[in-house]
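Novice: predicted model and sequence below, questions to follow.
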Amino acid sequence: MLSKPATMLLGLIYEKPLNAYEIIKRLNYMNVKWWFNIADSTVYSTLKALEKKGYISGTTEKVGNMPDRTVYNLSDTGKDKFIDTLKESILQFNYDTNIFSIAAFFLSTFPPDEQHELLEKRLEILQKYRAGIEKQVNPLWENEVSAYHVANVKRMIDLVDAEITGTKRLLANCSEENSRRYCE
């Protein structure tokens, strides 16, 4: 599985070839810094690492009097790794919700039917996860552990509930998008 910065950058390059400056501008436009702080230096170092692994390739371009710039494209290996990472990120629950947030940005990478299928599977996984945590909470257990332990487990349930709500919202959006696409 790719790192979060690598997934984000591959997703942006998957949408269209970009140079480092354009990537930084897009991240700023997306207000990513409020939920996933990725420094400009991380963008540059991640691009170099992705290029070294063969996931992207850079082509130097000259535009007018501007300095040369390197525009990055995804390789077939990079596309495969990106898509595998998206699927893996969607089909897991992690308390680091940025992993899924990044994957959700790029759901349109998949055909509509696959988007729906992946989100339905995620919902099942989340509901099983919640049920597993919920089994732990009962009056006997609550009397045997500290109030902080109880509060933390209930906080974990809240986080899973938020992911369930968000996944349902994405599913509803996916369904609306699909019906608009097929009904027009």
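Specialist: Right, received. Where do you want to start? Residues are numbered from 1 along each chain as shown.

Novice: how far does stretch 62-71 stretch from one end to the other?
Specialist: With CA to CA, to the nearest Å as the measure, stretch 62-71 spans 10 Å from end to end.

Novice: list the buried residues in it.
Specialist: Within stretch 62-71, the residues that qualify as buried are Arg69, Thr70, Val71, counting by 16 or more other CB atoms under 10 Å. For glycine as for every other residue, the C-beta is placed from the backbone atoms N, C-alpha and C.

Novice: now what about that stretch, what contacts it?
Specialist: For stretch 62-71, contacts defined as CB atoms under 8 Å, 6 or more residues apart in numbering pick out Pro17, Leu18, Asn19, Ala20, Tyr21, Gly58, Thr59, Thr60, Glu61.

Novice: re the thing from before, ok, so of the buried residues of stretch 62-71, who is nearest Leu10?
Specialist: Taking CB to CB as the measure, Leu10 lies nearest Val71 of these, at 14.6 Å.

Novice: and the pLDDT for that closest one?
Specialist: Predicted confidence (pLDDT) for Val71: 97.

Novice: checking it next. Helix, strand or coil?
Specialist: Recorded secondary structure, Val71: strand (DSSP: H, G, I helix; E, B strand; the rest coil).

Novice: so it versus Glu61, what's the distance?
Specialist: When distance is defined by CB to CB, to the nearest Å, Val71 is 6 Å away from Glu61.

Novice: before we move on, back to that, okay, the contacts of stretch 62-71 in CSV with secondary structure, pLDDT and neighbour count next?
Specialist: Converted to CSV, the contacts of stretch 62-71 look like this (DSSP: H, G, I helix; E, B strand; the rest coil; pLDDT from 0 to 100; neighbours: other CB atoms under 10 Å):
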residue, secondary structure, pLDDT, neighbour count
Pro17, coil, 97, 17
Leu18, strand, 97, 21
Asn19, strand, 96, 20
Ala20, helix, 96, 19
Tyr21, helix, 95, 12
Gly58, strand, 96, 17
Thr59, strand, 95, 11
Thr60, strand, 94, 9
Glu61, strand, 89, 12
